[in-house]
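S.K.: Okay, structure incoming, though there's no sequence with it:
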């Protein structure tokens, strides 16, 4: 499957970008909290903001040769698309809205139902939206859910692809990436590691706790004057007049010897040359998770 960037809905406001990133992080942590998992059902889970730098993949539904552009989202638990007839409001999308009546394999089910609780490996359950509000989706037809929940495409295809998928995000607006299910024909350089809660972080070769990363960067960046804070980023620098900026190295160390070096693009957020900020922020709660995003 080919992955491409949504060129029509890039947000120019840096402040808005950061607010959407923050909202997305809060939403992910909310879904992972024990109280949320115990008390909520599929129908009342809050909407996750997709963010500003979205990637899309073409998917065919119901035996149709027409592919619909869906937002690629590793946090969403359900794949869904707009469907005819629109009983309320359907937003404008790139391709024609999916019509179940013209599908050779579509069948509706009631929620809740036995099928919703026990997904069949022979079929694919997806959401068919007839009253939709997708403010950050651009003109995508819906969402391709790649989360860990029962309703995601990863779980529903686990008999054929044992919950394994890989992807390469496009590096620019003009390039394309890919989304691949299964572990066949993967390059030998690819390394795998369990999604563990324990890993090491090192700044300039020094092993640190999560809480110490920001402080270590500040200590190693004393040659540069501080700038005012920007939105939720409190540590910012004034780089005007510097032809080069020397950054300490940042590396994540996982199990099985997997190392993930983070370059300056994943460490600094450039609002303007006179206000460049460290992309580190404290979590709201002690049990909030550390999120490794799609741009590191």
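M.R.: Cool, got the structure. All values reported here derive from a predicted model rather than from experimental measurement.
S.K.: Help me confirm that residue 62 comes into contact with residue 106.
M.R.: Yes. Contact between residue 62 and residue 106 holds when scored by CB atoms under 8 Å: they sit 4.4 Å apart. Just so you know, the C-beta spots here come from the backbone N, C-alpha and C atoms, and that holds for glycine as well.
S.K.: what's the overlap in contacts for the two?
M.R.: residue 100 (CB atoms under 8 Å, 6 or more residues apart in numbering).
S.K.: Show me the domain layout of the protein.
M.R.: Annotated domains of the chain cover 2-181, 200-278 [automatic domain parsing].
S.K.: Find the residue ranges of the stretch 101-250 of the chain scoring beneath the pLDDT cut-off.
M.R.: Flagging of the stretch 101-250 of the chain using pLDDT under 70 yields the residue ranges 104, 109-123, 135-137, 171-173, 194-199, 208-214.
S.K.: any idea where the strands of it begin and end?
M.R.: Assigned by DSSP state E, counting those that start in this stretch, the stretch 101-250 of the chain shows strands spanning 127-129, 142-145, 165-168, 177-181, 200-203, 206-208, 226-227, 236-237, 250-253.
S.K.: Show me which parts of the fifth one are buried, residue by residue.
M.R.: Spelled out, it's strand 200-203. 201, 202, 203 (16 or more other CB atoms under 10 Å).
S.K.: cool, and the longest one?
M.R.: Applying a neighbour-count criterion of 16+ other CB under 10 Å, the buried positions in strand 177-181 are 177, 179, 181.
S.K.: How much space separates the second one from residue 169?
M.R.: Here residue 179 is placed at a distance of 10 Å from residue 169 (CB to CB, to the nearest Å).
S.K.: now the first one
M.R.: In this structure, residue 177 and residue 169 are separated by 5 Å, where distance is defined by CB to CB.
S.K.: cool, the last one as well?
M.R.: Counting by CB to CB, the gap from residue 181 to residue 169 is 16 Å.
S.K.: again with residue 193
M.R.: Taken as CB to CB, the span from residue 193 to residue 169 is 19 Å.
S.K.: got it, and residue 88?
M.R.: Using CB to CB, residue 88 is found at 34 Å from residue 169.
S.K.: Pick out whichever of the two has more residues nearby.
M.R.: residue 169 (17 against 9; other CB atoms under 10 Å).
S.K.: just checking, the more buried one touches residue 54?
M.R.: No. Using CB under 8 Å, residue 169 is not in contact with residue 54, being 10.7 Å away.
S.K.: Leaving out the residues flanking it, which one is nearest to residue 85?
M.R.: The shortest distance from residue 85 to any non-neighbouring residue, by CB to CB, 6 or more residues apart in numbering, is to residue 130 (6.7 Å).
S.K.: which ones are touching the one you found?
M.R.: Per CB under 8 Å, 6+ apart, neighbours of residue 130: 82, 83, 84, 85, 86, 87, 88, 90.
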